[in-house]
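In: this is the structure alone, sequence omitted:
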C-alpha cells in the first residue's frame, strides 16, 4: 500500500457543503457529517506511518486456528494504556474467507479481557462503537447501556439496537474504554502487509476481506481536543486463557479445610488452578446458562474456611468473575443441581425439594408445589432436564417428578423404579438410571420403558450416601448415552448406541497400569464439540494425585493430563462452556381460516451448535394484532388460531442454554368457509415407531414403518 495523499482524501470521501459548512467523511463505510476543522484534524490523524511496525513473531495472544494470520491493533484515546497500541493475532484457514468483523469477533471471544460494543444488522454490516480492555485484571467487565442497564458481554460482545454508542460506558474506571459515534468514533485503518503503511478504510469491518499477513488497526478519534494518531508505540499482549476452548472442573475440595473451587483445563492440556475460589462447601454441580455459570454447593461455608461462599454461586461466563452468591435456599437446604427453564427462570434441586430461581433478580423463590397447590413434601432431589413444557426431575432414589414450567407444579410422578439420574439424548428422548439399569422415559404415557442390559454391561453407578450428579450423560454428536458402572471405586464406562440398539464397554480401569480409578460416579462427561470422553481420575483417598484422561467415543485413550499442583482437589463434575448462540431461520407464511387452528412444527426453525434441538425452548414473544390471530406454543409446536380476516405477524422466541433469538412469521387469516374445526392438533404426534415385524425403532428406517400416534391411531409409513 503506497502512502499517497490523494488516496487518503478519496478514502475519507470528503465533500464540502458551502451552505452547511460541513464535511462528510466515511466512518466504517457510513457517511458522517462533521465541520471542516474537525475533518482536517481527522484527516491528519489518519495519515499513515511508513509501516505498521508490527512484528508477527512477537505476537503471543492469538485467536483462531489456521495457516493464515492477521494482526489486530487497538489504540485508545486520552493516553490510556500509557498511550500504547495493544496487539493481538488471529489465524484462519486459507480455504476460508474472513473479514475484519470475523477478526474482532474471534479475538473478543478468545480473550476474556477484551470486550466490544456493536450494532449489527445495518446496511453496512456490523458497526463497532466501543472497545474495552481490562487493564487491572479484576475481571469486572460490564458495559452500561442507556437507561443504566448493566450488560455482561456475551463472547466478548455487547449488542445495542441503535447508534447509542455515545451514551454507553464501562463502569470500571480502571479499564481502557472509548465509545462514540457523534462525539467521537473508532477510526478503522488497514494494511495488506505489516511492512506497509496504514490507510483509512473506506469500508466497514464486515466488508473488509482479510489477506494473509494483513493488519487492522483501530484508533479512537474525538471530535474535540488533540488528535489521536497511530504512532507504532506497540504492546504485545502475553498469552491468556481462552475460556471458550476447554472444560471446567467443579472441585469438592478438602472438606473441613476450605471452600470449594474450580479448575480449568484447556484443549491443549494446560491447567488453570483456582480460577474461581470460595464457592461454598462441597460444590457438586455446575451449568452454563444465559452467559453465566451456576455452581451449586451443599453448604455456604466450609468449617475450615475463613470466608463465606454460597450454596448458589453465579459467575460471568466470559471471565469467571463471581457476580453474586446466595447463602441459603429456604433455610439450611443443601444445594444439589441446576436446570434452566428459560432466560428468566431456573430450578434448583436441594436436599429437601426443588425451588425456583429468578435469573433476572438472582433470588431464590418458592418451592415447587403439588398439582393442587399443596406442599409437595419432596425429599432429596437431583438432576433435572427440561423438555417441551415440562421439567423432569429426579427425587433421588425414589421417583421421577414431572413439573409444569408455567405453574411450577408437579403434574405427574413416575415411581415404577428407583430413579437416580436423568439425561437427554440427541434424538430428544429422555433416559434415566434406575436400580434396574437404564430406562427410556415415555413422555406420552409417562411410563418408564426398561432397556434390558446384556451380560457384561453393568447397571449405572449412583452416588450412594453423599449425593453427586452421577455419570449418566449423552453425546451431542451421536445418538449415544454413557454411564459409569456400579462400584465404590468406579472403574468402568459403558455406552448404549440408541439407533442400533447396541451396548459396549468403552473404558475399563480394572488393570490400569498406573492404578488410576474414578473418584466418583459423576467423573464422566462428553465434550459437545469433539465427542471425546473426559474422565477424572485419582489414586487413593489419602493421595493428592489426580489426572484427567481423555478417550475417543470408542474408548481409545487420546491424552492424560496430571494435575501437577498437589492438593486434595476431589474433582467432581466437568462443565463445558456454552460458546455458540442459537440461530433462527426464516419461516414460511401461515394461512389460516377464521375460527380454525394451524399447527406449525418448529423443530427445524432454530439450531444451536452446542445444544440439542429438542432442548431449545420455544415460546410466543408477541402477536402484532391479536384481533386478527392468536398464537401459543405447546410442546414445541406453534398453534395459530384465526380470529378475523386480515394480516398480522407472530414473533417467536427461541431460548437455548439461556441465550435467546427470535423469528417472525407472517400470518394471513381468511374468511371462514362455514366448516369449523381444527386443521391439525398440537396434541396429536408420534409416540412410537415399529418395523413391519413389530420391532420398536427410535428413528425412521428404510421400508415400511408402523407409526403410532398419541390419539391412538396407527399408520403405515413408507420411508425411502
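Out: That came through, no problem. All figures in this text were calculated on a predicted structure; none of them were measured in a lab.
In: give me the phi and psi angles of residue 406.
Out: Per-residue torsions, residue 406: phi -80, psi -30 (degrees, to the nearest 10).
In: actually residue 567, not the one I typed
Out: Per degrees, to the nearest 10, the backbone of residue 567 is at phi -180, psi 160.
In: hang on, residue 55 packs against residue 213?
Out: No. With contact defined as Cβ atoms under 8 Å, residue 55 does not count as touching residue 213 (11.7 Å). (C-beta placed from N, C-alpha, C; glycine too.)
In: any idea how far residue 252 lies from residue 274?
Out: 14 Å (Cβ to Cβ, to the nearest Å).
In: quick one, which of these two is more surrounded?
Out: Between residue 252 and residue 274, residue 252 has the larger neighbour count (other Cβ atoms under 10 Å), namely 25 against 16.
In: still on that earlier bit, need the overlap of contacts for residue 55 and residue 213.
Out: residue 194 (Cβ atoms under 8 Å, 6 or more residues apart in numbering).
In: of these two, who's got more company?
Out: Remark: of residue 55 and residue 213, residue 213 carries more neighbours, 17 against 13, as counted by other Cβ under 10 Å.
In: in space, what's closest to the more buried one - neighbours in sequence excluded?
Out: Of all residues not flanking residue 213 in the chain, residue 193 sits nearest, at 5.1 Å (Cβ to Cβ, 6 or more residues apart in numbering).
In: wouldn't residue 634 be in contact with residue 390 here?
Out: No. Look at residue 634 against residue 390 with Cβ under 8 Å: they stay out of range, at 11.5 Å.
In: the two: who's more crowded?
Out: Between residue 634 and residue 390, residue 390 has the larger neighbour count (other Cβ under 10 Å), namely 20 against 14.
In: any weak-confidence spans in the chain?
Out: For the chain, applying pLDDT under 70 flags the ranges 1-21, 41-48, 464, 487-488, 673-687, 692-695, 698-699, 702-703, 705, 709-720.
In: can you give me the helices for it?
Out: 5-12, 36-46, 100-110 (DSSP state H).
In: quick one, what contacts residue 281?
Out: Applying Cβ under 8 Å, 6+ apart, one finds that residue 281 lies in contact with 255, 259, 260, 297, 298, 299, 300, 301, 302, 303, 305, 309.
In: wait, which of those is closest to residue 348?
Out: Closest approach to residue 348 among those (Cβ to Cβ): residue 297, at 11.1 Å.
In: tally of neighbours for that closest one?
Out: 28.
In: what do you get for residue 306?
Out: Residue 306 has 9 nearby residues by other Cβ under 10 Å.
In: look up how far residue 396 lies from it.
Out: 32 Å.
In: cool, residue 556 as well?
Out: Applying Cβ to Cβ, the value for residue 556 to residue 396 is 34 Å.
In: now swap in residue 29 and tell me
Out: Relative to residue 396, and taking Cβ to Cβ, residue 29 is found at 58 Å.
In: neighbour count winner among the two?
Out: residue 396 (24 against 20).
In: the more buried one contacts residue 467, doesn't it?
Out: Yes. Residue 396 is within contact range of residue 467, at 6.4 Å (criterion: Cβ under 8 Å).
In: shared neighbours, those two?
Out: What both residue 396 and residue 467 touch, as defined by Cβ under 8 Å, 6+ apart, is the set 336, 380, 382.
In: which residues touch the residue nearest to the first one when sequence neighbours are not counted?
Out: What that stands for is residue 336. Closest residue in space to residue 336, ignoring its immediate chain neighbours: residue 349 at 4.2 Å, by Cβ to Cβ, 6+ apart. For residue 349, the contacting residues are 336, 337, 338, 339, 381, 382, 383, 384, 393, 394, by Cβ under 8 Å, 6+ apart.
In: can we see that at 7 Å?
Out: 336, 337, 381, 382, 384, 393 (Cβ atoms under 7 Å, 6 or more residues apart in numbering).
In: out of those residues, grab the one that's most surrounded.
Out: That'd be residue 336 among the contacts of residue 349, by other Cβ under 10 Å, with 29 neighbours.
In: didn't it look like it was pressed against residue 384?
Out: No. Residue 336 is not in contact with residue 384 according to Cβ atoms under 7 Å; the separation is 9.2 Å.
In: I would like the residues contacting stretch 546-565, please.
Out: Contact with stretch 546-565 is made by 265, 269, 271, 273, 475, 478, 506-507, 516, 531-538, 569, 571, as judged by Cβ under 7 Å, 6+ apart.
In: oh, that last question was meant for stretch 627-643, not what I typed.
Out: The contact list for stretch 627-643 (Cβ under 7 Å, 6+ apart) reads 388-389, 590, 592-603, 618-620, 623, 644, 646-648, 650, 652, 667, 669, 682.
In: name the residues of that stretch that are buried.
Out: Buried residues in stretch 627-643, counted by 16 or more other Cβ atoms under 10 Å: 628-631, 633, 636-643.
In: same question, stretch 600-611
Out: Result for stretch 600-611 [16+ other Cβ under 10 Å]: buried residues 600, 602, 605, 606, 607, 608, 610, 611.
In: again with stretch 616-629
Out: 616, 617, 618, 620, 623, 628, 629.
In: I'd like to know how far residue 436 sits from residue 452.
Out: Taking Cβ to Cβ as the measure, residue 436 falls 9 Å from residue 452.
In: the two: which is more packed in?
Out: residue 436 (15 against 9).
In: tell me the contacts of that one?
Out: Per Cβ under 7 Å, 6+ apart, neighbours of residue 436: 417, 450.
In: let's see that with 10 Å instead.
Out: 416, 417, 418, 448, 450, 451, 452, 453, 459 (Cβ atoms under 10 Å, 6 or more residues apart in numbering).
In: now residue 575
Out: Contact partners of residue 575, counting by Cβ under 10 Å, 6+ apart, are 247-250, 262, 264, 285-288, 293-295, 525.
In: would JSON lines of the shared contacts of residue 396 and residue 467 with distance to residue 134 be doable?
Out: Converted to JSON lines, the shared contacts of residue 396 and residue 467 look like this (distance: Cβ to Cβ, whole Å):
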{"residue": "336", "distance to residue 134": "34"}
{"residue": "380", "distance to residue 134": "41"}
{"residue": "382", "distance to residue 134": "37"}
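In: okay, and which of the residues you listed map to strands?
Out: Using DSSP state E, the subset of those located in strands is 336, 382.
In: can you pull out the strands in the stretch 101-250 of the chain?
Out: 114-122, 125-133, 143-145, 149-151, 157-159, 176-179, 184-191, 199-200, 214-222, 234-236, 246-251 (DSSP state E, counting those that start in this stretch).
In: in CSV, list those strands along with mean neighbour count.
Out: What follows is the strands of the stretch 101-250 of the chain, written out as CSV (neighbours: other Cβ atoms under 10 Å):
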stretch, mean neighbour count
strand 114-122, 21
strand 125-133, 23
strand 143-145, 19
strand 149-151, 12
strand 157-159, 20
strand 176-179, 25
strand 184-191, 24
strand 199-200, 22
strand 214-222, 23
strand 234-236, 16
strand 246-251, 24
